[in-house]
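Enquirer: quick one, fold the following:
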Amino acid sequence: MTIRDGVREQLRRERLNLRLAVWLLSGGGLLTALLLSGRLRGWLWTLLSAADLQLLLRWGGAGLLLLIPIAGIVSLVSQYAFWEGWLDGLPEVEDLFGDDAVGAGPGEPARGYVVYLDGIHQSEQDHPPRVQALLGALERRLPAGFRLLRGLDTYTVMPVALVEDSGGSWFWRRVFALQEQHPNGLVRLLTAVLVQANNVIKVGISSDRRYGPIRHYELALKIGLRLAEQGFQPESGSPLVLLGYSGGGEMAFGVADYLSRLARTPLHILTVCGVFSGEHPLERVRTIGTVVGSRDPVAAFGNLAYPGRSPLLPFSRWRLALAAGLVSRHTIDGMNHNGGRGPFSERYRDAVVAGILDLLPPLSDPGAARR
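Expert: Predicted coordinates for the structure are as follows:
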């Protein structure tokens, strides 16, 4: 190991330690504030009896201590199974855009593509109704020549829904069965949280330099397969826009370098309430756009959780992209991360679509011929 490699390894460890410390301090402070809140304690005692509260704590603790680590293990095993060649369903790189792989798609091939990557709430390929409403509004207002690709499961290995993913379908079928059929509401809640935990773990894997590249390579193949079905051809100059909501923003940053090498076309990143590290290779990314709400604590927390976005590290990839003028920001006043004041609410839906369109790259990219 050279001196430079040793320094890089030390910096990586320090970054991980700092990230862990921030998470622990933030979580501990929030938990302490909740426990000290007299109003919260009074509300809990009014809503729940002592026996109900004891049952909640017992099963909730069991879920956190047992089920979430199991979800993490299943996630890592799925990555390993794919890398070892045990899973079929994704094409080889040389066959990705071959003549046999290209589909006709709906009409003529588009001149630009917007690929939507959902947040950690995604549990199947079909998006929730509120997400579908926003994507429908965006699709209707996209400039002529652009095509929106949706229904791509961001958090599975294969291009299928979570319950059909061959790397862990045996586990998730049982989880979804409990979520839909179990008579105890607490059990149904824990299984729903478990799906969210799996997706959070996938976002964590994406930001990890050991396992992240495998995750990004899988996702690049999945997106490439969808593009091939739409009639996309490499070196056509058609810009690709990766549109990621929340944790989908981290997936967009992670997959960008791999996808740009596969597709050989201009690539752009666009996030809505994005939570991302910004520490992935960005040399092949033309532009980065962020649509954020002024009252979004989750997206703001990304500045603390990922040290590479801190101004204290001016030579990180994210800070270099900022210095080079690649990043544009569109702020929506009053918007939160989700819920009734989130980007998918009727209140802010049109403003979010307008922000996306404002940051969308033009189809006539003068640098396309050079890439």
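
Enquirer: could you confirm L227 falls within a strand?
Expert: No - counting by DSSP: H, G, I helix; E, B strand; the rest coil, L227 is not found in a strand; it is helix.

Enquirer: OK, contacts around it?
Expert: The contact partners of L227, taken as CB atoms under 8 Å, 6 or more residues apart in numbering, are F97, Y113, V115, L149, L240, A263. To be clear about C-beta, it is placed using only N, CA and C from the backbone, and glycine gets the same treatment.

Enquirer: redo that, cut-off 10 Å
Expert: Counting by CB atoms under 10 Å, 6 or more residues apart in numbering, L227 touches 96-97, 101-103, 105, 109-110, 113, 115, 147, 149, 233-234, 238, 240, 259, 262-263, 265.

Enquirer: for this structure, which segments count as helices?
Expert: Under the criterion DSSP state H, helices of the chain are mapped to 3-36, 38-47, 50-62, 68-83, 129-141, 169-181, 185-206, 212-229, 247-263, 297-305, 317-323, 349-359.

Enquirer: packing partners for the last one?
Expert: Which is helix 349-359. Here helix 349-359 touches helix 129-141, strand 240-245, strand 267-272, strand 285-293, strand 327-332, going by 3 or more CB pairs under 10 Å, 6 or more residues apart in numbering; DSSP states H and E.

Enquirer: redo those as JSON lines? Include mean neighbour count, mean pLDDT and distance to I201.
Expert: Formatted as JSON lines, the helices and strands packed on helix 349-359 follow (neighbours: other CB atoms under 10 Å; pLDDT from 0 to 100; distance: least, CB to CB, whole Å):
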{"stretch": "helix 129-141", "mean neighbour count": "16", "mean pLDDT": "93", "distance to I201": "21"}
{"stretch": "strand 240-245", "mean neighbour count": "27", "mean pLDDT": "95", "distance to I201": "17"}
{"stretch": "strand 267-272", "mean neighbour count": "27", "mean pLDDT": "96", "distance to I201": "20"}
{"stretch": "strand 285-293", "mean neighbour count": "22", "mean pLDDT": "95", "distance to I201": "24"}
{"stretch": "strand 327-332", "mean neighbour count": "15", "mean pLDDT": "95", "distance to I201": "27"}
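
Enquirer: out of those, nearest to T154?
Expert: Counting by CB to CB, T154 lies closest to strand 240-245 out of these; the figure is 8.0 Å.

Enquirer: what about this protein, any weak spots by pLDDT?
Expert: Flagging of the chain using pLDDT under 70 yields the residue ranges 1-95, 98-108, 121-126, 157-173, 175-182, 184-193, 196, 364-371.

Enquirer: try 50 this time
Expert: Counting by pLDDT under 50, the chain has low-confidence residues at 1, 3-4, 7, 10-11, 14, 17, 102, 104, 365-371.

Enquirer: ok, and the closest non-adjacent residue to I120?
Expert: In space, and not counting its chain neighbours, I120 is closest to N199: 3.8 Å by CB to CB, 6 or more residues apart in numbering.

Enquirer: burial measure for that neighbour, as a count.
Expert: Neighbourhood size, N199 [other CB atoms under 10 Å]: 25.

Enquirer: any figure for the gap between it and A299?
Expert: Per CB to CB, to the nearest Å, N199 is found 16 Å from A299.

Enquirer: quick one, which of the contacts of L227 are buried?
Expert: Listed as buried from the contacts of L227 are 96-97, 102, 105, 109-110, 113, 115, 147, 149, 234, 238, 240, 259, 262-263, 265; burial here means 16 or more other CB atoms under 10 Å.

Enquirer: looking at those residues, which are in strands?
Expert: Using DSSP state E, the members of these that fall in strands are Y113, V115, R147, L149, L240.

Enquirer: enumerate every residue touching the second one.
Expert: The one in question is V115. Each residue near V115 by CB under 10 Å, 6+ apart is listed here: 147-150, 152, 154, 222-223, 226-227, 240-244, 252, 255, 259, 270.

Enquirer: rerun that using 7 Å as the cut-off
Expert: Contact analysis of V115 by CB atoms under 7 Å, 6 or more residues apart in numbering lists L149, L152, I223, L240, V241, L242, L243.

Enquirer: so what's the residue count around the closest residue to G302 other than its chain neighbours?
Expert: Excluding its sequence neighbours, the residue lying closest to G302 (CB to CB, 6+ apart) is V275, at 4.5 Å. Using other CB under 10 Å, V275 is surrounded by 27 other residues.

Enquirer: out of the ones in strands among the buried ones among the contacts of L227, what pair is the most spread apart?
Expert: Greatest spatial distance among those (CB to CB): R147 and L240, at 10.7 Å.
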